[in-house]
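Let me see the structure of the following:
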Amino acid sequence: MITLSTAIQGFFTDRLVRERDASPHTIASYRDTIRLLLRFASQRTGKQPTKLALEDLNATVIGAFLDHLQSERGCSARTRNLRLTAVRSLFRYCALRYPEHAALIERVLAIPPKRHDRALVTYLTEPELDALLDAADRSTWTGRRDHALLLLAAQTGLRASELIALTPADIQSGVGAHVTTLGKGRKRRITPLTKETLAVLNVWIAERAGTDTTPLFPTRTGRQLTRDALARRLTKYSTQAAERCPSLHEKNVTPHVLRHTAAMRLLHAGIDTSVIALWLGHEQIETTHVYLHADLAIKEQALARTKPLDSKPGRYRPPDALLDFLEGLG
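Okay, the predicted model is just below:
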């Protein structure tokens, strides 16, 4: 009998850290999933987590755990699928180490993700973005920091984790100005900077205290901003900007909304989706197609180019009196 503690410790230290060099965010997400699963299995079997065996996590238990996430913890289908991704990763690791449990592992890996509705992406229009950028009080140190951060986010589409991890050394001025980031999947990419964005960043870098290896957007104490702190600042400015631009009241502005905004601005400028995918660091170009679905203007332009259908409005008239009677019953 194989104890789960051996398999799980090897999964995190060997697979995620040593082999895949997974980001701290990925490790934390997988850790939370496995912790929830162990607690669920422990309550179900009456065993302590350290005493659980691989056999205690069969497909039936995993399925019940996923249902528990939605029915009792209130998780969405999307969150359920993210938890399933972590479980699958663990069992794929176990498949290589413990082939004698191939049948059990195969049944777990066969659990399908749950289908869910895909909402259209939320993004800011130009007036909304202008109002948001103007909301930061540039007469204060934090206001100038936040204005530079929001401007960079809206122009580059960097993820929240990429923004807060930046240092001044990541900003390259001169010809071909760009920002270098280490993004999702440990992939390094460069994103061009406009003259306006670069000018604001250079002024901010000159003002901030610290070296080239300290956070580009630090807290008052010089530490790196957290994702939660960034989200709170953005909510604050969004509320203030809504007084000038009422349409913002209808939008939940998050750091990812700024990422969507950058993508939509590129799309409206006529940039091909394959280029936008490279810009955002998408592994698959299909991921970028969501912006095509969200953009009504592009669909209206396509409709305007089509030949109008030669059809006149009219009412269906049954050819028979009995059919006419039946039609009237509706």
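
Counting neighbours, what do you get for the nearest residue to residue 157 once chain neighbours are set aside?
Of all residues not flanking residue 157 in the chain, residue 262 sits nearest, at 3.2 Å (C-beta to C-beta, 6 or more residues apart in numbering). (C-beta placed from N, C-alpha, C; glycine too.) Residues lying near residue 262 (other C-beta atoms under 10 Å) number 24.

Go ahead and confirm residue 262 touches residue 156.
Yes. With contact defined as C-beta atoms under 8 Å, residue 262 counts as touching residue 156 (6.2 Å).

what bits of the stretch 1-150 of the chain have low per-residue confidence?
1-3, 116-120 (pLDDT under 70).

For residue 218, see how far away the closest residue to residue 205 other than its chain neighbours is.
Of all residues not flanking residue 205 in the chain, residue 168 sits nearest, at 5.0 Å (C-beta to C-beta, 6+ apart). Going from residue 168 to residue 218 by C-beta to C-beta, to the nearest Å gives 11 Å.

returning to what we had before: in contact with the residue nearest to residue 205, which residues?
205, 208, 210, 211, 212, 214, 216 (C-beta atoms under 8 Å, 6 or more residues apart in numbering).

how about whichever strand or helix holds the first one: buried residues?
Taking DSSP states H and E as the definition, one finds residue 205 inside helix 195-207. Across helix 195-207, burial judged by 16 or more other C-beta atoms under 10 Å covers 197, 198, 200, 201, 204, 205.

So which elements touch that helix?
Helices and strands touching helix 195-207, by 3 or more C-beta pairs under 8 Å, 6 or more residues apart in numbering; DSSP states H and E, are helix 141-156, strand 171-172.

quick one: average pLDDT of the last one?
Strand 171-172 comes out with an average pLDDT of 92.

name the helices or strands packed onto it?
Under the contact rule (3+ C-beta pairs under 8 Å, 6+ apart), strand 171-172 is packed against strand 178-182, helix 195-207.

The longest one too?
Counting contacts by 3+ C-beta pairs under 8 Å, 6+ apart, the secondary-structure elements packed against helix 141-156 are helix 126-135, helix 160-164, helix 195-207, helix 227-242, helix 255-268.

Among the contacts of residue 168, find me the one that's closest to residue 86.
residue 216 (31.0 Å; C-beta to C-beta).

quick one: which helix or strand includes that closest one?
Going by DSSP H and E, residue 216 is not part of any helix or strand.

residues in contact with the closest residue to it other than its chain neighbours?
Leaving aside its chain neighbours, residue 216 sits nearest to residue 166 (4.1 Å; criterion: C-beta to C-beta, 6+ apart). Shown in contact with residue 166 (C-beta under 8 Å, 6+ apart): 158, 179, 181, 215, 216, 217.

which regions of the stretch 201-330 of the chain lie under the pLDDT threshold?
Using pLDDT under 70, the stretch 201-330 of the chain drops low at 283-318, 330.
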